[in-house]
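[1] Kindly generate the corresponding structure for this input.
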Amino acid sequence: MAAQFVRYTPDVEDDDPNFDQSLQTVIDKTESFIAESVQAGGTGQALRDAHAKGYGLVRGEVEILDGLPPEYAQGIYATPGTHDALIRFSNGSPHTGADARLGSATGLALKIFDIPGPTLLEDEPDTGTFDYANINGPIFFCNTIEHYLFIQELFLNAPSYFSQGRPGAHRFFTDFVTGKGTLEQDSWAWDEFLAFLRLSKILPVNVLLSSYWTMGAVRHGDYIAKVRITPDPSAAAAVVRRDIDPASAPEVFRPALQAELQERPYAFDIQVQLCTDLERMPVEDTTVEWPEQLSPSVTVARLRLPQQDISGPENLAKMDALSFTPWRVTAEHAPLGNIMRARKEVYRHSSIERHRLNDQPRTEPRSADEVLGPPR
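    All right, here's what the predicted structure looks like:
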């Protein structure tokens, strides 16, 4: 069975000679946006440059399953057991405000505690934490740090485009496809633009009912994978507040999440989809959805959310003081591909600048209780 899965080797990733230069430009723009967001963001706080608005910080428990096939029992999933966890649900926009103006792209960031082994972050190798930063779509709309140079600028300035109605939207679309006029016509960003359109058409639902994917490929020990956090069917069936109407009130996602967790526990499955074909399941092209018929997603762990109360401003304050990054993982789970590599330093610099401006200590917690207090 193992022979059908592509084994990880360093050459599955492409080299980009301009990577470091482009990365520094993105870091500079990110830090500038975060600094300006203290005044421009409307909250008096420095904001994240993506997923700026959080919907709640939730206590959880991850159970790594026993008896997994050896191809799936890799890295942290090779050792069955139970770990405390924290989950941050968020909107994908770099802006805050009423849910109706932010769109339906949402995220699930997961922090798992008591994971042995050094992380891939050189400045915090021994935190014992392991993060996922997943989005509610199986594809992403940016493949390279070079393209992120103009895509980031478009999204940071999206309100000024779309506030001008259809002409503004047309300019946004044109600037996206053409790279703001920097791309040759044969290299226009059609695949990335079409991926953006697909993600922009996601229907708004309770965040508990979405599935959340790693934005790109990751190592899975000896193999290559994407990881999906998807609702447990029986838990999803019990959700009462299912469809969300962002036009009905300024805040719709957080109240629905809060009410469900006050009434009942919830559960997700953590699933791994192993790569079987680098042509049809590419590492460097995040706009391609990996076909389930080539390699189905297999459940390797359960994420359980106990019944809890996440109401109150203190929950949001504790949530915003945390840091999540796809690079706070062990080497067996390293993110792969150009845009995933870029996230390492962009996320790190973003977190450092945001915590500095907000006068927040930037330290990794050692347990969920340290952040939320003991369960009541």
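
[2] Okay, helices next: where are they in the stretch 251-376 of the chain?
    253-263, 313-320, 338-357, 368-372 (DSSP state H, counting those that start in this stretch).

[3] Could you chop the protein up by domain?
    Listed domain ranges for the chain are 2-137+206-333+348-372, 141-201 (source: automatic domain parsing).

[4] Mean neighbour count, those domains: which tops it?
    Of the domains of the chain, the one with the most neighbours on average (mean count of other Cβ atoms under 10 Å) is domain 2-137+206-333+348-372, at a mean of 18. In this view, the C-beta of every residue, glycine as well, is placed from N, C-alpha and C.

[5] Could you tell me how far that one lies from the centre of the chain?
    Here domain 2-137+206-333+348-372 is found 4 Å from its chain centre; the criterion is Cα atoms, centre = their mean, to the nearest Å.

[6] For that domain, give the mean pLDDT please.
    Across domain 2-137+206-333+348-372, pLDDT averages out at 96.

[7] Now do the phi/psi pair for the nearest residue to Glu289 once chain neighbours are set aside.
    Excluding its sequence neighbours, the residue lying closest to Glu289 (Cβ to Cβ, 6 or more residues apart in numbering) is Pro138, at 4.7 Å. When read as degrees, to the nearest 10, the backbone of Pro138 gives phi -80, psi 0.

[8] Return the residues in contact with Pro138.
    213, 226, 228, 289-290 (Cβ atoms under 8 Å, 6 or more residues apart in numbering).

[9] And the furthest pair within these?
    Distance extremes for the contacts of Pro138: the farthest pair is Arg228 and Glu289 at 11.4 Å, using Cβ to Cβ.

[10] In TSV: the domains of the chain, plus distance to Ile339.
    Listed next are the domains of the chain as TSV, based on distance: least, Cβ to Cβ, whole Å:
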stretch	distance to Ile339
domain 2-137+206-333+348-372	6
domain 141-201	6
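
[11] Which of those domains sits closest to Ala342?
    domain 141-201 (4.2 Å).

[12] next one: the closest one to chain centre, how far?
    That offset, for domain 141-201, works out to 20 Å (Cα atoms, centre = their mean).

[13] distance between the ends of it?
    13 Å (Cα to Cα, to the nearest Å).

[14] What distance do you get for the residue nearest to Glu289 to Ser210?
    Using Cβ to Cβ, to the nearest Å, Pro138 is found at 11 Å from Ser210.

[15] Over to Asn136?
    Taken as Cβ to Cβ, the span from Asn136 to Ser210 is 4 Å.

[16] first vs last residue of stretch 248-255, how far apart are they?
    Termini of stretch 248-255 sit 12 Å apart (Cα to Cα).

[17] An error on my part: the question was meant for stretch 273-290.
    8 Å.

[18] Okay, strands next: where are they in the stretch 151-300 of the chain?
    212-213, 218-220, 223-231, 266-274, 298-305 (DSSP state E, counting those that start in this stretch).

[19] Would you format those strands as a markdown table with distance to Ile76 included?
    Listed next are the strands of the stretch 151-300 of the chain as a markdown table, based on distance: least, Cβ to Cβ, whole Å:
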| stretch | distance to Ile76 |
| --- | --- |
| strand 212-213 | 18 |
| strand 218-220 | 10 |
| strand 223-231 | 11 |
| strand 266-274 | 10 |
| strand 298-305 | 9 |
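
[20] closest to Ile64 out of the ones you listed?
    strand 298-305 (4.8 Å).

[21] quick one, the closest one and helix 253-263 angle?
    80 degrees (axes from the mean of the first three to the mean of the last three Cα atoms, to 10 degrees).

[22] longest helix of this structure?
    helix 19-40 (DSSP state H).

[23] so what does the helix or strand following that one touch, helix or strand wise?
    Counting by DSSP states H and E, the next helix or strand C-terminal to helix 19-40 is strand 54-64. Packed against strand 54-64, as judged by 3 or more Cβ pairs under 8 Å, 6 or more residues apart in numbering; DSSP states H and E, are the following elements: strand 81-91, strand 106-112, helix 253-263, strand 298-305, helix 313-320, helix 368-372.

[24] repeat that for 10 Å
    Here strand 54-64 touches strand 81-91, strand 106-112, helix 253-263, strand 266-274, strand 298-305, helix 313-320, helix 368-372, going by 3 or more Cβ pairs under 10 Å, 6 or more residues apart in numbering; DSSP states H and E.

[25] need those in TSV with distance to Pro204, can you?
    Rendered in TSV, the data for these read as follows (distance: least, Cβ to Cβ, whole Å):
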stretch	distance to Pro204
strand 81-91	10
strand 106-112	9
helix 253-263	8
strand 266-274	18
strand 298-305	20
helix 313-320	20
helix 368-372	27
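
[26] Which among these is found nearest to Leu156?
    That would be strand 81-91 among these, by Cβ to Cβ, at 14.8 Å.

[27] Report the inter-axis angle for the closest one versus strand 54-64.
    Using the same axes, to 10 degrees: strand 81-91 against strand 54-64 is 160 degrees.

[28] what lines up beside strand 81-91 in the sheet?
    strand 54-64 (antiparallel), strand 106-112 (antiparallel) (DSSP bridges).

[29] Same list, the helices of the stretch 251-376 of the chain, but as a markdown table with distance to His170 please.
    Compiled in a markdown table, these are given as follows (distance: least, Cβ to Cβ, whole Å):
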| stretch | distance to His170 |
| --- | --- |
| helix 253-263 | 29 |
| helix 313-320 | 35 |
| helix 338-357 | 26 |
| helix 368-372 | 45 |
